[in-house]
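Peer 1: What shape does this take:
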Amino acid sequence: MPTQRKIDQVAALIDKMSRTQAILVADYRGITVAEITKVRNKIRPLGGEFIIAKNTLSLIAARETGLEGVEPALAGPTALCFAYTDAGAVAKAMKEVNAEIKKLSFRGAMLGNIYIGGTDSLDQVASIPTRQEILAQIVGTIAAPVSGVVNVLHSTSASVLYAIQGRIDQMGGEQAA
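Peer 2: Now for the predicted structure:
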């Protein structure tokens, strides 16, 4: 019979998993509380959350939300990093902070409903462009045709002005002769 505490923990995990864009699964052995706080402070402003979770409860929540693909990564001491708003930015921040502390070993990740296994899962998720990078690409794509039209109009009007100036010079040159 499950205790009320475990039922509440599963409900909280279900809520987190249903809202997340990506889940990074790591082994947290050897990490101190200060280092966990550092990780949390780094990813919280980016829409991320870092928690320590029991594998059994995490698996129950994953099955409930359709993310059962994460099961191979749920073995041993498990820390889950949820990316709610920008998976790429959170993964990049995790990679950056892990380069400093060097104690988290990543076992896998869920990106949407796709499981990414292996120790390079963090690198693969971190290679995704951030929201800001995607918006910049969209703006660049939209602005390119507009700037092309502006350049064509500018070159056409400049050609007309050069022709008029040439005619003025020609007429001025004939009057002097």
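Peer 1: nearest residue to the most centrally placed residue in the chain other than its sequence neighbours?
Peer 2: By CA atoms, centre = their mean, the chain has its centre lying nearest to residue 88, at 1.7 Å. For residue 88, ignoring the flanking residues on the chain, the nearest one in space by CB to CB, 6 or more residues apart in numbering is residue 128 at 3.9 Å. All C-beta atoms are positioned from the backbone trio N, CA, C, and that covers glycine.
Peer 1: And the one you found, its phi and psi?
Peer 2: phi -70, psi 140 (degrees, to the nearest 10).
Peer 1: residue contacts, it?
Peer 2: For residue 128, the contacting residues are 87-88, 91, 111, by CB atoms under 8 Å, 6 or more residues apart in numbering.
Peer 1: Distance-wise, check it relative to residue 90.
Peer 2: Separation of residue 128 from residue 90 (CB to CB, to the nearest Å) stands at 10 Å.
Peer 1: Could you do residue 72 as well?
Peer 2: Applying CB to CB to residue 72 and residue 90 gives a distance of 21 Å.
Peer 1: More neighbours: those two, which one.
Peer 2: residue 90 (29 against 12; other CB atoms under 10 Å).
Peer 1: so that one makes contact with residue 50?
Peer 2: No. With contacts counted by CB atoms under 8 Å, residue 90 stays clear of residue 50, the gap being 9.4 Å.
Peer 1: joint contacts of the two?
Peer 2: Counting by CB under 8 Å, 6+ apart, the contacts common to residue 90 and residue 50 are 43, 81.
Peer 1: Closest one to residue 79 out of the contacts of residue 128, please.
Peer 2: Checking the contacts of residue 128 against residue 79 with CB to CB, the nearest one is residue 91 at 14.2 Å.
Peer 1: list the contacts for residue 123?
Peer 2: Contact partners of residue 123, counting by CB under 8 Å, 6+ apart, are residue 95.
Peer 1: does it belong to a helix or a strand, and which?
Peer 2: helix 121-126 (DSSP states H and E).
Peer 1: ok, now residue 34?
Peer 2: Going by DSSP H and E, residue 34 is in helix 33-43.
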